[in-house]
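# my questions concern the predicted model and sequence given below.
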Amino acid sequence: MAAEFPAPLDPLTRAHRPMGLRERKKLKTRIAIRRATYRLIAEQGYEATTVEQIAEAAEVSPSTVFRYFPAKEDIVLTDEYDPVMEEALRGRPAGEDPLESLRSVLTRTVAAFLEHEPEETRQRARLLVEVPAVRARMTETMAETSQVLSRVLADRTGRAADDLEVRVFTAAVTGALREVLIHWAERDQRDDLVALVNRALDTLKGGPSL
């Protein structure tokens, strides 16, 4: 069965695996920190929001914030979705075209974010355009997601985990997703984000139309 796609900011409800009490407590803390951060940024802006303010709003210590998120950029960019996407990709039909497998996983993920946390998703996209540090960190987090997806595709195709073609392919797909988010934000988020993802993946498949 394919993995479910619940609310990204409430992964306690996700059904793909059970969670122990300690893991649930840590996850609740991460969620509280992220929600406090989104709220403060919406009220006073990214640069004016400090880790100390975030800690106070989330009712934790600054050291706890740093233990969960090494940098402020990580708070707005990190989520719990890589394991869900990994399981969903592993659950795609055997022999399916890799691009179509990734299309299914990515469009469902984006649709889940838009459904369950629309304002946070829009805020994150705006920060990608407005804050260079967030955009730079986004590139790093996309690379980490690409590695996760590469391992799954390598397993599905019988290739080595460090296969160059698989790495290039998944990097191209996650890079396309990054550009879609930036494009969407630059155009004041007027477009259908899921449609943009499909359009970008079509471009990878056939190249830009002339």
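Received the coordinates, thanks.
# show me the strands in this structure, by range?
Taking DSSP state E, the chain contains no strands at all.
# residue contacts, the nearest residue to residue 101 once chain neighbours are set aside?
With C-beta to C-beta, 6 or more residues apart in numbering as the criterion, residue 101 has its nearest non-adjacent residue at 4.1 Å, and that residue is residue 92. In short, each C-beta sits where N, CA and C put it, glycine included. Contact criterion C-beta atoms under 8 Å, 6 or more residues apart in numbering gives 2, 101, 104, 105, 156 as the residues in contact with residue 92.
# what subset of those is buried?
By the neighbour-count criterion of 16 or more other C-beta atoms under 10 Å, those include these buried positions: 101, 104, 105, 156.
# wait, the third one sits on residue 89?
Yes. In this structure, residue 105 is within contact of residue 89 by C-beta atoms under 8 Å, at 5.1 Å.
# what about this protein, any weak spots by pLDDT?
Across the chain, residues meeting the criterion (pLDDT under 70) sit at 1-19, 206-210.
# just the CA trace of stretch 192-202, in PDB.
Included here for stretch 192-202 are C-alpha records, laid out as PDB according to Å, rounded to 0.1, in the frame of the first residue of the first chain:
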ATOM      1  CA  ASP A 192      -1.500  26.300  -9.700                       C
ATOM      2  CA  LEU A 193       1.500  24.900  -8.000                       C
ATOM      3  CA  VAL A 194       0.800  21.200  -8.800                       C
ATOM      4  CA  ALA A 195       0.300  22.100 -12.400                       C
ATOM      5  CA  LEU A 196       3.700  23.900 -12.400                       C
ATOM      6  CA  VAL A 197       5.300  20.800 -11.000                       C
ATOM      7  CA  ASN A 198       3.800  18.700 -13.800                       C
ATOM      8  CA  ARG A 199       4.900  21.300 -16.400                       C
ATOM      9  CA  ALA A 200       8.500  21.200 -15.100                       C
ATOM     10  CA  LEU A 201       8.600  17.400 -15.200                       C
ATOM     11  CA  ASP A 202       7.200  17.400 -18.700                       C
END
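# buried set for it?
The neighbour-count criterion (16+ other C-beta under 10 Å) identifies 193, 194, 196, 197, 198, 200, 201 as the buried residues of stretch 192-202.
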